[in-house]
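Novice: Any chance you could fold what I've pasted below:
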Amino acid sequence: MVEVTVVIPTRNRATMLRQALHSVAAQRAVDLEAVVVDDGSTDGTPAVVTGMGDRRFRLIRHQRPQGVSAARNRGVAEARGRWVAFLDDDDLWAPEKLASQLAAAERDDRAWAVTGAVSVDDGLRVLTGEPPLAPERIVADLDRYNSVPAGASNVLVRAELLAGTGGFDPRLRHMADWDLWIRLGRAGMPATVPRPLLAYRLHRANATMDTAFDPQEPLAELDAIIDRYGIPADRVAVDRWIAWTCLRAGRRGASLRASVRAAKGGDPRSLARAAIGLLHPAVGRRVYYRPFLRHGQDEAWLAEARSWLRELASG
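Specialist: As a prediction, the model looks like this:
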């Protein structure tokens, strides 16, 4: 039986998808398959998958876009592995990512696992880094915010646990991963790997970076999650995220409004960050990420990520 099924939803990102697939093909010491769900692409996405020449990769196509959650769920339905891992088409894995998570899960007898992550730009330059919290802290903090670093590309989960907790809610565009992690956390703690084995790419084509991004959508989804689980979710954290997302998209007015809400909610530093963002000429560049970090920079830790990213880029 296949050990891990990697589920990759994609739409019109053929170039980035090729890099993501190379990072899957480079995984060491893991018997895997990859299910690529093409959610209505109109570019060369199918040719990228078939051009890999890797029998472990399967392509599933949606003729019309159904959304990333539906695409992930379709991939899960097609999975044959005992474990399922998610990888977004614009993210990248270190070669030891899956093997390290499997070893940690076996060591701690856990049914899901997370690792550390870095954020990178289009040139794969490391911008920031975020190690995972302790397992107990991850689960406790999930009631307040999404405490799993870097989104869906981080998580490895036993297929039977995923089947029992249910998949991604297609009604949630921005918070479907957090919604699922809450359910996984209520089933048990994750194993953690405190290494930077995931690269989350920040770019203008991120799902929240297009002109259709409505800042009210994540607030409505937040209310839905609060109602669903009865949790004391951190509205201020969501407003900070909206402010940052809008600022990266060049929507300074929407960013300022979200920062003001965050300040009124009890975070006066949001106004200082807003002022920097509104005045700084290098919004979205490396120098601007530092005010938004939750953890200090560890240069040795970040250097590990730079090493495997260079290796991946040169391969």
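
Novice: burial count for the spatially closest residue to Arg13 that is not a sequence neighbour?
Specialist: In space, and not counting its chain neighbours, Arg13 is closest to Asp89: 4.8 Å by CB to CB, 6 or more residues apart in numbering. In short, each C-beta sits where N, CA and C put it, glycine included. For Asp89, the count of nearby residues is 29 (other CB atoms under 10 Å).

Novice: How about Glu106?
Specialist: By the measure other CB under 10 Å, the count of residues near Glu106 is 11.

Novice: which element is it on?
Specialist: Here Glu106, judged by DSSP states H and E, is contained in helix 97-108.

Novice: Show me the shaky parts of the stretch 201-315 of the chain.
Specialist: For the stretch 201-315 of the chain, the stretches with pLDDT under 70 are 204-212, 273, 275-297, 315.

Novice: before we move on, back to that, in its sheet, what does the helix or strand following the helix holding Glu106 sit against?
Specialist: Scanning forward in sequence from helix 97-108 by DSSP H and E, the next helix or strand is strand 112-120. According to DSSP bridges, strand 112-120 forms sheet pairs with strand 126-130 (antiparallel), strand 156-158 (antiparallel), strand 191-201 (parallel).

Novice: Switch the ones you listed over to JSON lines; also include mean neighbour count.
Specialist: Shown next, in JSON lines, are those (neighbours: other CB atoms under 10 Å):
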{"stretch": "strand 126-130", "mean neighbour count": "20"}
{"stretch": "strand 156-158", "mean neighbour count": "24"}
{"stretch": "strand 191-201", "mean neighbour count": "23"}
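
Novice: which one of the ones you listed lies closest to Lys97?
Specialist: strand 191-201 (4.1 Å; CB to CB).

Novice: and the most centrally placed residue in the chain, what pLDDT?
Specialist: Central residue of the chain (CA atoms, centre = their mean): Gly151, 2.1 Å from the mean position. pLDDT, Gly151: 90.

Novice: residue contacts, it?
Specialist: By CB atoms under 8 Å, 6 or more residues apart in numbering, the contact set of Gly151 is Asp88, Asp91, Asp177, Tyr200.

Novice: Could you do Ala199 as well?
Specialist: The neighbours of Ala199, taking CB under 8 Å, 6+ apart as the test, are Asp91, Leu92, Trp93, Ala94, Ala117, Val118, Ser119, Val120, Leu124, Val126, Ala305, Leu309.
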